[in-house]
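Participant: Whatever this is, show me its structure:
(chains A, B, C and D)
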Amino acid sequence: MSPSTVIAMLLAIIGLPILMTPVIMYSCRFSEKLRNLLSVATASIVFILSLLLYPFVIGGGEIQFTLFEVLPNLEISLRLDILSFCLAALASFIWLLSTIYSINYMATEHACSRYYPVLIFTLGACQGIFFSGDLFSLFVFFELMSLIAYILVIHEETEEAMKAGYKYLVMTIIGGLALFFGIIIVFELGGTVSLGVGVIIQEVSTLAFIAFICFLIGFGMKAGMFPLHVWLPDAHPVAPSPASALLSGIMLKTGAYGLLRVIFHVFSPEMLLQQGWDNILGVLAVITILLGSAVALTQNDIKRRLAYSSISQLGYVLLGFSILNSNAIIGAVFHIFSHAFMKSVLFLAAGAIIWKTGKRQVSDMKGIGRQMPVTLGCFSIAAFAMIGIPPLNGFLSKWTLALGALDANMPIYVLVLLISSLLNALYYLPIIIPAFFEAPGETSPDSDAGHDEIQFDIREAAPAMVAVMVVLALCTIIFGLTPNNIAFTLSRLTAEFLLLGGAF
Amino acid sequence: MTEVLNALLLAFLIVCAVGVAYIRDLLSAVILFSSFGLIMAVIWQQLSAPDVAMVEAALGTGVVALLLVAAISKTERAE
Amino acid sequence: MGLTDHFPVLIIVIFFIAAFLSPLVYRLARKFSAALILAVLTAALGMAIFLLLEVQQAGTVLYHLGGWPPPWGIELKADPLRLYILLVVLSVSLWIFIYALRDLHHELKKRVIGWYYTLYAVLVGSMSGIVLTNDLFNLFVLMEICAISACAIISIKEDRECLEASFKYLILSAMGTGCFLLGVVMLYMATGYLNYGFLQVELAEAFNYYPRNIFTAAALFIVAFGTKAALFPLHVWLPDAHASAPSPSSAMLSGVVIKIYAFALFLMFYEVFPRELLATIPLNEIILWLAGLGTLFGSIYAMLQTDLKKMLAFSSIGQIAYIFMGIGFNHDLALIGGFYHIMVHAVTKGMLFMVAGVIIYSTGIREIKDLVGIGRSLPITMVAFAIGGASMVGLPGTGGLISKWFLALSALEIGRPVFVLIILASSLLNAVYYMPIVINAFMQQEETKIEFKPVPRVMLGCMVAGIVVVVVSGFYTTPVVNLLEQSLALIF
Amino acid sequence: MEILAGIIDNYYYMVAIILFVIGMYTMLTHSNMIKKVIAMNIMDASVFLMFVAVGYAHGSQAPIITEGNDVLYANPLPGALILTGIVVAVSVTAYALSLIVKIYRHYETCDYDEICEIRSLE
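Facilitator: Numbering: from 1, shown residues only, chains lettered A, B, ... in the order given. Below you'll find the predicted structure:
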């Protein structure tokens, strides 16, 4: 594939959704079918285009291309390497499935003429983040995505949603300003913010440290890092479920992606390790993991519980970044994949339950597995993957992370991973077990209902929704301990690419 | 001799200015202000700027005082 | 001498001629009076562009009024920087005037509209003069004309708030010009010149003999231009004046007029005073800190307002402080940022006041809390508000980011990261008061139905033009930044 | 002593500054609007006084050229400028007074503090 074709494809991947937004908005006037069709078509074209880049990147291809200069040495540019490919392919895949899921889920909701264009626009902005060739364009797309996603967060327009949305917006702007500060320091110190020049900041200085902290705030805010996670448990649950799946599954990862870029292209891992700046990230990651899991235990609203779980899972990724050796980076990148699949399934399943039964509280979900066995089945698989039961993908990522921690001589991190897994089990199993093994509406455990013949009273969600969940649940299995694990291979290649500075 | 005269005139200027600031009756203040302007015109004459002095006497003192009186007659006299 | 050689003076003079003709034309042939001003604005714009092209090729043009050479004659100077500011002034004025054509009929009595055109022409003419002049006393006269016409386009509405606000403005601006004139006398005492170029040469010499005179003059200039441009503690007149005026006047005053004085202060510091002065005493440091406080307090005050136009007016205090910050850093990157912000803020604030005007035109609402749900009926208007707010906050993709980028970069360059923090903090504060308005306008349903009057196409078109400029200035910066770099290279 | 000598040498300037300060003080502290306008005029006049004093050299004559004698003339430039200045000041005064009359029609008072009070009560 020639570089110009690749660039054209990148432009199409970013531009198509953004250009389609007004078209979709306009099509709402004619028919809902057309609108849905256009949305799904756009998402699938983006997905296919992303996949088509596979042979190029797997052959070690790397492209850095300047679109135009905004200011001297400050440009809007595109970049394709294996890391961006991984994230982009993953994002477009989940996006496609969420869009399909939305068609049924949103059919009964209001203001769909706003929902679909925004959904597709966010896809474009998100792909823009992954294909940005420098920090400035990354920043532009990052803010664009965050601000537009606000409309998804407040979709319900309830008082609660508005409040959560406002919190989200303020945090986004704080994060954006921190990023601005960081980027400008990098520009001042290095004279460029391009990701294609290797390490930008070579020397340690106070300003460099401030920049690091700023990036940590900016991207960590998006990734739900402690203590900047406060917006996340409010914002994710109030969004419509497919949007929550995307918010938790993909948009959180943009923060992690940004940190990865900063660690490897702005600073260098050696520098971080020498200065001990990785410890800051490590400590915050551990707190994030434990806090997220612990608070999730206390939540009764299922989507809030899932949101807190997202916080703790992103903690794994950050932990991987802080350890900074080969296994840990593989684990972290692979966990980005795993968590995207797992959390999307969980949110979509929760959405299906809410859609079908209107139940949001965990305590009301007894026996629901008998009504919606496939949904709950998918939910269970994803939850087991979260807990880290082999042969699911969650196990593989934890295993690799733990290997990385041992390589770095940090057994304490392994302990953290174990504790967190235990906590995961503690908050997922109380959803799953009563759902399958208790009769609906049952209140007192001392009755003899346990001896009843299990009655299946199947009232599943719409077939398209179920199909989406099944596909994603299968992904958690396929990308587990299977011999031909493409996600794991990609993560390995990414880690090699990052640690060896692009020479692989 | 002219030095002394000038010094006296300057002292008068200050007295007039302070008087304008302190007098509560606006019409009296305007009159004081006119005398301020006239003394100013004399000083400028002393400083070899007769053209300015003439303009000040006519405009700065005459017209402005007229305008002020007109304004006071349309509004109120006491501060 | 051909006609083109007289362009520097023609740019100023045609406005005054138009101002005299306008009431006459309004009486005799009402239809053409607006066209007259439009034609004059366009002609001036054309001349300014022509001059800019010429100056870029042949270097700075010095025009001697009446053929009298300086130091006795009045000199006009056309260098790239002044022409840039002039272009901003003229194009923004033209844009606001087109908007005003429809809005004025709503806000003013019919018989005064002809006078409004006159005052508008005088205002623009005097501003062009302030930009182009190279002579201190000429600057004084033009400043007074500018102040009177600015007051007059506020008080022309003749309701009690406007009258009171414009009186306050008049008194404080008289104080400003008084201080300025005293400063001019101090400099004249030390050197015997009033021409900028002669002053700079002579002051470098005189600095050794009369340092106190020159310091006093500098301090007086800061007070004078600070008052006129609403630098933080001297801003008290601005909110009332800008909020109560008819919307096109507000757009003009907030968008253009206050910047002219900031630019004049820049000229004082970089073209009049010798460079050693700024090295000896930290005058720019004073400006810098006042500007820093101004960005914060302007935003904080704006947050407390309940009236939309008042909020916008307070926000101007914060934004003008960015321009002063650019002057205060004494660094070419900061000046690029400051001057870029002159352009960006002129367009943005002009657009925001247009939005306020459209809302008042269409619904009569002035209070922020009544704006809930208005975005559904006035979508383009509120999109313009959202984009304007984003530019004020400095979100990426808008011109506001670029100016902040330069300011922050130069703050780091001279090793003062604390000012980056101030800039960021004020951005956050801006976000806190702009965002809720946008959100409420689009998201919540209004409970009581508001009566809407259809908005004329011209007004909508003006706002759309504003949106385009704000967004384009966030990406396509090369021509302006190149021009600024080139022109600041002449100074640094 | 040196400072005192300096003051005595420059007494025109000193008086001008004193007047400027008196004018500014009156303008900013008095609440009556007509008083403010008068004070504004005093302030302007003081600056003009200073300007004229700058143009005057000790013992110089008015700049009216008479043939034949070689005498010291005062600098004519400040005079020319002040003429403009006076005209500007008068027009500002006229405008301010017309504003005051109009404000008086609306508020029935010339006192700025009272106006602020009325507005805050609304």
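
Participant: CA only for contacts and neighbour counts going forward, please
Facilitator: Fine.

Participant: Over to the closest residue to A:Leu396 other than its chain neighbours. Which of the three states is it?
Facilitator: In this structure, A:Leu396 finds its nearest non-sequential neighbour in A:Gly480, 6.3 Å apart by Cα to Cα, 6 or more residues apart in numbering or on different chains. Of the three states, A:Gly480 takes coil under DSSP: H, G, I helix; E, B strand; the rest coil.

Participant: so where do the helices sit in chain D?
Facilitator: D:2-9, D:11-29, D:33-55, D:76-107, D:112-121 (DSSP state H).

Participant: Need those in TSV (columns: mean pLDDT).
Facilitator: Below are the helices of chain D laid out as TSV (pLDDT from 0 to 100):
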stretch	mean pLDDT
helix D:2-9	72
helix D:11-29	89
helix D:33-55	89
helix D:76-107	88
helix D:112-121	84
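
Participant: Tell me which of these sits most buried.
Facilitator: helix D:33-55 (a mean of 26; mean count of other Cα atoms under 10 Å in any protein chain shown).

Participant: follow-up on the earlier one: list the contacts for the residue nearest to A:Leu396?
Facilitator: A:Pro390, A:Pro391, A:Leu392, A:Asn393, A:Gly394, A:Phe395, A:Leu396 (Cα atoms under 8 Å, 6 or more residues apart in numbering or on different chains).

Participant: cool, A:Asp407 as well?
Facilitator: Here A:Asp407 is in contact with A:Asn325, A:Asn327 (Cα under 8 Å, 6+ apart).

Participant: roughly how far apart are the residue sitting nearest the centre point of chain D and B:Asp51?
Facilitator: What sits nearest the mean C-alpha location of chain D, by Cα atoms, centre = their mean, is D:Asp44, with 1.8 Å. Here the criterion is Cα to Cα, to the nearest Å. By it, D:Asp44 lies 17 Å from B:Asp51.

Participant: do the same with C:Ser128
Facilitator: Taken as Cα to Cα, the span from C:Ser128 to B:Asp51 is 31 Å.

Participant: of the two, who's got more company?
Facilitator: With neighbours defined as other Cα atoms under 10 Å in any protein chain shown, C:Ser128 and B:Asp51 compare such that C:Ser128 has more, 28 against 18.

Participant: helices or strands up against the helix or strand encompassing the more buried one?
Facilitator: Per DSSP states H and E: C:Ser128 is located in helix C:113-132. In this structure, helix C:113-132 makes packing contacts with helix C:7-28, helix C:30-58, strand C:75-78, helix C:80-107, helix C:136-155, helix C:258-267, judged by 3 or more Cα pairs under 8 Å, 6 or more residues apart in numbering or on different chains; DSSP states H and E.

Participant: next one: it to chain centre, how far?
Facilitator: From the chain centre to the centre of helix C:113-132 is a distance of 13 Å (Cα atoms, centre = their mean, to the nearest Å).

Participant: Just the CA atoms of the helix or strand harbouring C:Ala251, as PDB, please.
Facilitator: Here C:Ala251 sits within helix C:247-252, counting by DSSP H and E. These are the backbone C-alpha positions of helix C:247-252, laid out as PDB (Å, rounded to 0.1, in the frame of the first residue of the first chain):
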ATOM      1  CA  SER C 247     -26.200  46.600  20.900                       C
ATOM      2  CA  PRO C 248     -24.200  47.800  17.800                       C
ATOM      3  CA  SER C 249     -22.600  50.500  20.000                       C
ATOM      4  CA  SER C 250     -21.700  47.900  22.600                       C
ATOM      5  CA  ALA C 251     -20.200  45.700  20.000                       C
ATOM      6  CA  MET C 252     -18.200  48.700  18.700                       C
END
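
Participant: hmm, back to that, okay, the helices of chain D in a markdown table with distance to C:Arg275 next?
Facilitator: Converted to a markdown table, those look like this (distance: least, Cα to Cα, whole Å):
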| stretch | distance to C:Arg275 |
| --- | --- |
| helix D:2-9 | 28 |
| helix D:11-29 | 27 |
| helix D:33-55 | 25 |
| helix D:76-107 | 27 |
| helix D:112-121 | 43 |
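
Participant: Tell me which of the ones you listed sits nearest to chain A.
Facilitator: helix D:112-121 (33.0 Å; Cα to the nearest Cα).

Participant: got a list of contacts for the closest one?
Facilitator: D:Ser31, D:Asn32, D:Met33, D:Tyr107, D:Thr109.

Participant: how much does it deviate in direction from helix D:76-107?
Facilitator: Between the axis of helix D:112-121 and that of helix D:76-107 there is an angle of 40 degrees, by axes from the mean of the first three to the mean of the last three Cα atoms, to 10 degrees.

Participant: Grab the CA positions of helix D:112-121 and hand them over as PDB.
Facilitator: Listed next in PDB are the C-alpha coordinates belonging to helix D:112-121 (Å, rounded to 0.1, in the frame of the first residue of the first chain):
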ATOM      1  CA  TYR D 112     -24.400  61.400  41.300                       C
ATOM      2  CA  ASP D 113     -24.700  59.600  44.600                       C
ATOM      3  CA  GLU D 114     -28.400  60.100  44.700                       C
ATOM      4  CA  ILE D 115     -28.700  58.800  41.100                       C
ATOM      5  CA  CYS D 116     -26.800  55.700  42.100                       C
ATOM      6  CA  GLU D 117     -29.100  55.300  45.100                       C
ATOM      7  CA  ILE D 118     -32.200  55.600  42.900                       C
ATOM      8  CA  ARG D 119     -30.800  53.100  40.500                       C
ATOM      9  CA  SER D 120     -29.900  50.600  43.200                       C
ATOM     10  CA  LEU D 121     -33.400  50.900  44.600                       C
END
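
Participant: what about the residue of chain B found nearest chain C, neighbour count?
Facilitator: Closest approach between chain B and chain C, counting by Cα to the nearest Cα: B:Ala71, at 14.7 Å. B:Ala71 has 21 neighbours, counted by other Cα under 10 Å.

Participant: Tell me who's in contact with it.
Facilitator: Per Cα under 8 Å, 6+ apart, neighbours of B:Ala71: D:Leu97, D:Ser98, D:Ile100, D:Val101.

Participant: Confirm that A:Gln202 lies within a helix, as I assumed.
Facilitator: No - the assignment for A:Gln202 is coil, going by three-state DSSP, so no helix is present there.

Participant: Might you calculate how far stretch C:269-283 sits from the centre of the chain?
Facilitator: Offset of stretch C:269-283 from its chain centre (Cα atoms, centre = their mean): 24 Å.

Participant: need the strands for chain A, in chain order.
Facilitator: A:63-71, A:74-80 (DSSP state E).

Participant: Of these, which is nearest chain B?
Facilitator: strand A:63-71 (55.0 Å).

Participant: so how far is that closest one off the chain centroid?
Facilitator: 27 Å.

Participant: again, but for stretch A:466-482
Facilitator: That offset, for stretch A:466-482, works out to 16 Å (Cα atoms, centre = their mean).

Participant: how about it as CSV, C-alpha atoms only?
Facilitator: Provided in CSV are the C-alpha atoms of stretch A:466-482 (Å, rounded to 0.1, in the frame of the first residue of the first chain):
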residue,chain,number,x,y,z
VAL,A,466,-28.6,-9.8,21.8
ALA,A,467,-26.5,-10.5,18.8
VAL,A,468,-24.3,-7.6,19.5
MET,A,469,-23.8,-8.8,23.1
VAL,A,470,-23.0,-12.3,22.0
VAL,A,471,-20.4,-11.1,19.5
LEU,A,472,-18.7,-9.1,22.1
ALA,A,473,-18.9,-11.9,24.7
LEU,A,474,-17.4,-14.2,22.1
CYS,A,475,-14.6,-11.8,21.7
THR,A,476,-13.7,-12.0,25.4
ILE,A,477,-13.4,-15.7,24.9
ILE,A,478,-11.6,-15.6,21.6
PHE,A,479,-9.0,-13.1,22.8
GLY,A,480,-8.5,-15.1,25.9
LEU,A,481,-6.1,-18.1,25.9
THR,A,482,-6.6,-19.1,22.3
